[in-house]
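> Here is my input, please return the structure:
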Amino acid sequence: MIGKKLLYQSKIKLIEILFSVACVDRELDIKELEAIRKIANLFNVSHKDFIDAKIKVKQAFELKTVE
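Numbers count the residues shown, from 1 in each chain. Here you go, the predicted model:
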């Protein structure tokens, strides 16, 4: 299983990459958010790290971070 072989920091980086792909069109759709959340849950990424990744990427794309 890929989730068991990745280091935790690599899992977070992957979540950040997924958020980056989702934000390329300058908006984060709820379906994209939920898909990334499911992947984060499968990788046992904490909710805090998930939110931190989302905020980090949204700030990089200059998107609103509070919804």
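> so who does F19 touch?
L28, I36, A53, K54, K56, V57, K58 (CB atoms under 8 Å, 6 or more residues apart in numbering). Heads up, the C-betas are built off the backbone N, CA and C, glycines and all.
> Whichever of the residues you listed end up buried, select them in PyMOL.
Per 16 or more other CB atoms under 10 Å, the buried members of the contacts of F19 correspond to this PyMOL selection:
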select buried, resi 28+36+53+54+57+58
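> need the contacts of F19 in TSV with distance to V45, can you?
Converted to TSV, these look like this (distance: CB to CB, whole Å):
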residue	distance to V45
L28	17
I36	10
A53	8
K54	11
K56	13
V57	14
K58	17
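> CA atoms of the longest helix that the chain contains as CSV?
Longest helix in the chain, counting residues (DSSP state H): helix 8-23. Provided in CSV are the C-alpha atoms of helix 8-23 (Å, rounded to 0.1, in the frame of the first residue of the first chain):
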residue,chain,number,x,y,z
TYR,A,8,4.3,11.5,6.8
GLN,A,9,5.9,14.7,5.4
SER,A,10,5.6,13.2,1.9
LYS,A,11,1.9,12.6,2.5
ILE,A,12,1.4,16.2,3.4
LYS,A,13,3.4,17.3,0.3
LEU,A,14,1.1,15.1,-1.9
ILE,A,15,-1.9,16.7,-0.3
GLU,A,16,-0.4,20.2,-1.1
ILE,A,17,0.2,19.1,-4.7
LEU,A,18,-3.4,17.9,-5.0
PHE,A,19,-4.6,21.3,-3.6
SER,A,20,-2.4,23.0,-6.1
VAL,A,21,-3.9,21.1,-9.0
ALA,A,22,-7.4,21.8,-7.7
CYS,A,23,-6.7,25.6,-7.4
